[in-house]
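K.L.:
after the sequence you'll find the predicted model.
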Amino acid sequence: MKNKLTVPIFYTFTASLILLLMGCSTTRSVPENDALYTGARIKMTRTTLPSKQKKALQSTLLGLTRPQPNSRILGMPFKLWVYNLGSEKGLGAWLRRKYGEAPVLLSELKLGQNARILDNYLENRGFFQVKVQGDTTVKGKKASAEYTVATGPEYKIKQITFPADSGILESAIRSTQSKTLLKPGNPFNLDLIKGERTRIDIDLKEKGFYYFSEEYLLIETDSTLGQHEVNLYIQVKPATPAAARQTYRINNVYIYPNYNLSTANQDTSLSNAEFYAGYYVIDSSRLFKQRVFEQSMQFQPGDLYSRKDHNTTLSWLINLGSFKFVKNRFEAVLDSNGAKLNAFYYLTPLRKKSLRAELTGTSKTNNLVGSQITLGWRHRNIFRGAEQLSINLFGSTEVQVSGNFGKSNPYRVGGEVALSIPRFVVPFLNIRGRSEFVPRTNLLLGYELLNRQNLYTLNSFRGNFGYTWKESLQKEHQLNPFTFNYVKPLTIAQQYIDSIAKNPSLAKIVEQQFIVGSSYTYNFNQLAGSNRRTGIYFNGLLDIAGNIAGLLNGSNWKNNEVGTIFGVKYAQFAKAEIDLRYYKQVNRSSQWANRLILGFGYPYGNSRQLPFVKQFFSGGNNSLRGFRSRTVGPGRYTPPNIGNPGALFLPDQSGDIKLEFNSEYRPKLFSIAEGALFLDAGNVWLLNEDPLKPGAQFSSNFLNELAIDAGFGLRLDFTILLLRLDFAFPLKVPYAANLPNKNMVINLAIGYPF
């Protein structure tokens with residue numbers, strides 16, 4: 001009886017709240033002799049613009065008008081309603097301040113000023129015969145504005161003339177003409193003209209013109225040609241100083257690795273300078289090896305000054321992670337060999353050693369939530385080459401929210417030792433990076449003990465040696481020529497042993513695993529380092545293991561010929577995975593996000609399947625949200641005890657092949673709140689047939705075996721933290737029809753799912 005009453009009460013409350021808000025007049029708090037300003041309208045006349053361009057221009061002009069009317073959610077001014085429900089004092093005042101929005105009044109409107117702003121903007125866009133008139137309409141306690149905009153013809157560029165003088169500066173400017181942003185036939189645009197000045201300045205900085213500035217450039221416009229065309233003339237201002245008209249070369253470079261503001265006079269003395277690889281290093285305490293700076297400096301004495309090399313050098317010094325402050329200055333030096341620059345780098349080091357303790361909350365894709373405490377020690381210059389050595393110890397405990405673990409929640413303890421070297425360490429080779437990002441050679445050794453209560457305890461050792469480097473802010477590579485992972489069970493409870501007899505696939509979770517191989521990852525993120533919200537994200541992984549051992553042993557699981565290393569069976573496989581995402585900015589307040597995951601593992605030689613830690617999984621709050629974590633697949637296979645009350649079921653259904661697609665629409669609702677509508681589809685499969693898992697093998701019928709769900713969600717963005725609540729409904733379950741997965745699944749998580 002309780003369930004029958006709950007829904008009507010909820011709907012009654014919701015309907016009452018909506019009626020209360022709708023019954024509250026939007027003009028309730030508008031003063032006498034004033035009106036609620038409801039917004040503006042742009043009416044365009046005397047224009048030859050295409051319809052699409054006209055609408056875009058109207059939208060831009062509308063955004064320039066002030067004030068903007070009260071915000072609306074789904075067409076309704078909720079915040080204004082909340083403000084009108086409030087009061088001047090007490091709880092009502094808090095309600096107004098926290099969630100309300102005061103009415104925007106007609107008295108705030110400055111019609112003439114808005115008209116001048118629109119007129120100025122259109123002239124800068126090439127509409128030189130524009131006329132703008134504004135008027136208001138008042139109906140009762142509400143008012144709106146209308147701006148009639150007669151654009152006239154849009155002027156276009158006919159010709160661009162670069163400086164004809166024979167001076168060094170003018171010749172350098174002419175040499176950049178092929179890269180110009182100004183093209184004949186394009187519309188006149190002041191923003192583009194400003195961009196051309198910046199482009200020329202950037203090009204000149206790469207040619208040694210250290211003291212030049214875009215302010216010394218003048219671009220004159222001649223609009224008297226007729227036919228609504230303009231000629232543009234690029235000139236150097238006559239008042240440009242002599243220093244800005246000549247190129248500079250690097251003279252001496254002075255580096256102070258132990259600079260301190262409080263002892264600046266002693267720190268900047270040259271008496272202890274040592275000349276090394278073309279640079280003067282002043283480091284009497286010998287805090288750093290001098291080759292650190294040979295790697296960081298991107299130019300040699302005698303080189304032409306280059307802004308790119310200048311910025312890359314600063315970026316390297318900062319990204320070394322050993323300096324708290326990095327300062328730089330140049331000093332002009334004139335001699336018989338021409339204009340030169342002395343370069344000075346003042347580096348204030350961070351403390352060598354640091355100790356930290358962290359207490360964090362965790363949320364994982366398998367619905368496990370918990371806490372972890374980490375104790376960490378770091379040395380930022382362990383071998384005097386800006387190498388970073390870190391030692392971390394951790395312990396965590398987790399519980400599963402609305403999951404299948406029951407009383408078998410895990411806890412973990414472990415640690416790792418990591419060494420990061422800020423350069424490529426390759427035997428017999430000296431590789432120097434030219435990117436602004438520091439390449440790193442990484443070594444890691446880690447240990448973890450996993451105890452899943454009442455079931456089993458696993459020992460896990462891992463390690464890798466490899467390299468990480470960036471081509472740019474958007475492109476990153478990670479190559480690990482050597483990786484290993486060794487997993488060994490310490491204890492297995494009788495309950496789990498009995499469960500293996502009923503469901504033999506559970507044995508894979510606690511099997512001894514030894515993986516030795518190599519991996520490569522490439523990441524491309526078009527949205528990194530920009531404010532754009534439309535772009536592509538790509539992450540590709542290639543993972544290979546056991547090849548050399550397989551060649552030596554000639555092992556083949558099909559012939560029952562199993563090879564071992566130190567008495568332990570090793571894994572042999574090749575694995576590739578692609579994560580491709582496309583983000584589309586639909587409008588100013590909403591985004592459409594899509595993701596496609598393709599994974600393929602090819603076990604061979606010594607392995608019938610991928611090792612458990614390398615297999616693919618599907619389902620969970622960052623995957624198929626209508627299904628519990630790791631419960632989907634493989635294929636049509638259903639574990640024999642999944643629907644039996646009291647039987648042990650661990651949601652670790654894995655596969656060698658994965659296909660997953662997700663699509664999500666993210667509209668902005670209000671303030672910190674964002675909504676979501678989503679659709680998920682996917683599954684995992686085995687490559688080779690497994691008699692213990694009927695229906696798990698990949699086949700030509702794979703599309704009919706996709707699990708599908710849909711749902712909606714709410715996100716709260718607190719800037720430093722985004723909380724996500726998703727409600728998902730399974731639409732298609734590719735395995736047994738009597739499973740409990742058909743009900744709504746609620747996912748609580750941190751951050752976007754992708």
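P.N.:
Structure received.
K.L.:
need the contact list for the nearest residue to Asn258 once chain neighbours are set aside.
P.N.:
Using CB to CB, 6 or more residues apart in numbering and skipping the chain neighbours, the partner closest in space to Asn258 is Leu287 (5.0 Å). Bear in mind the C-beta positions are built from the backbone N, C-alpha and C, glycine included. Leu287 makes contact with Pro257, Asn258, Pro349, Asn381, Arg384, according to CB atoms under 8 Å, 6 or more residues apart in numbering.
K.L.:
of those residues, buried ones?
P.N.:
The neighbour-count criterion (16 or more other CB atoms under 10 Å) marks Pro257, Asn258, Pro349, Asn381 among these as buried.
K.L.:
closest one of those to Ala93?
P.N.:
Closest to Ala93 out of the buried ones among the contacts of Leu287 is Pro349 (51.9 Å), distances taken as CB to CB.
K.L.:
where does the nearest residue to Leu722 once chain neighbours are set aside fall, phi/psi-wise?
P.N.:
Counting by CB to CB, 6+ apart, Leu722 lies nearest to Gly751, which is 5.4 Å off, once chain neighbours are set aside. Here is the backbone geometry of Gly751 (degrees, to the nearest 10): phi 90, psi 170.
K.L.:
if we can go back for a sec, show me the buried ones among the contacts of Leu287 that map onto strands.
P.N.:
The strands, defined by DSSP state E, take in Pro349 from those.
K.L.:
export the buried ones among the contacts of Leu287 to JSON lines and append columns for pLDDT and distance to Glu705.
P.N.:
Shown next, in JSON lines, are the buried ones among the contacts of Leu287 (pLDDT from 0 to 100; distance: CB to CB, whole Å):
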{"residue": "Pro257", "pLDDT": "91", "distance to Glu705": "61"}
{"residue": "Asn258", "pLDDT": "89", "distance to Glu705": "64"}
{"residue": "Pro349", "pLDDT": "93", "distance to Glu705": "59"}
{"residue": "Asn381", "pLDDT": "93", "distance to Glu705": "55"}
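K.L.:
which stretches of this protein have low pLDDT?
P.N.:
The model of the chain has pLDDT under 70 over residues 1-24, 262-269, 361-370, 400-408, 433-434, 548-561, 640-651, 736-742.
K.L.:
quick one: contacts for Gln68?
P.N.:
Shown in contact with Gln68 (CB under 8 Å, 6+ apart): Gly39, Val104.
K.L.:
can you tell me the SS state at the residue nearest to Asn258?
P.N.:
Recorded secondary structure, Leu287: coil (DSSP: H, G, I helix; E, B strand; the rest coil).
K.L.:
still on that earlier bit, could you dump the buried ones among the contacts of Leu287 to a markdown table with distance to Pro730?
P.N.:
Formatted as a markdown table, the buried ones among the contacts of Leu287 follow (distance: CB to CB, whole Å):
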| residue | distance to Pro730 |
| --- | --- |
| Pro257 | 61 |
| Asn258 | 63 |
| Pro349 | 57 |
| Asn381 | 55 |
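K.L.:
out of the buried ones among the contacts of Leu287, which two are the most distant from each other?
P.N.:
Farthest pair in the buried ones among the contacts of Leu287, by CB to CB: Asn258 and Asn381, 11.2 Å.
K.L.:
shared neighbours, those two?
P.N.:
Contact with both Asn258 and Asn381 is made by residues Leu287, Pro349, according to CB under 8 Å, 6+ apart.
K.L.:
if I look at the residue nearest to Asn258, how far off is Arg380?
P.N.:
When CB to CB, to the nearest Å is applied, the distance between Leu287 and Arg380 equals 11 Å.
K.L.:
what of Leu449?
P.N.:
29 Å.
K.L.:
between the two, which is the more surrounded one?
P.N.:
Arg380 (20 against 14; other CB atoms under 10 Å).
K.L.:
residues touching that one, list them.
P.N.:
Arg380 neighbours (CB under 8 Å, 6+ apart): Gly321, Ser322, Pro349, Leu350, Arg351, Lys352, Lys353, Ser354, Ala386, Gln388.
K.L.:
and the nearest residue to the fifth one once chain neighbours are set aside, how close does it get to Lys352?
P.N.:
Meaning Arg351. In this structure, Arg351 finds its nearest non-sequential neighbour in Arg380, 7.5 Å apart by CB to CB, 6+ apart. Arg380 sits 6 Å away from Lys352, going by CB to CB.
K.L.:
same thing with Asp652?
P.N.:
Here Asp652 is placed at a distance of 44 Å from Lys352 (CB to CB).
K.L.:
so between the two, which is more surrounded?
P.N.:
For the pair Asp652 and Lys352, the greater number of neighbours falls to Asp652 (18 against 12), based on other CB under 10 Å.
K.L.:
check contacts around the more buried one.
P.N.:
By CB under 8 Å, 6+ apart, Asp652 lies in contact with Ile509, Phe612, Phe617, Arg630.
K.L.:
now a PyMOL select for only the buried ones of those residues.
P.N.:
Command for PyMOL, covering only those of those found buried under the criterion 16+ other CB under 10 Å:
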select buried, resi 509+612+617+630
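K.L.:
and the contacts of Asp652 as TSV, adding secondary structure and distance to Val426?
P.N.:
What follows is those, written out as TSV (DSSP: H, G, I helix; E, B strand; the rest coil; distance: CB to CB, whole Å):
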residue	secondary structure	distance to Val426
Ile509	helix	38
Phe612	helix	33
Phe617	coil	36
Arg630	coil	39
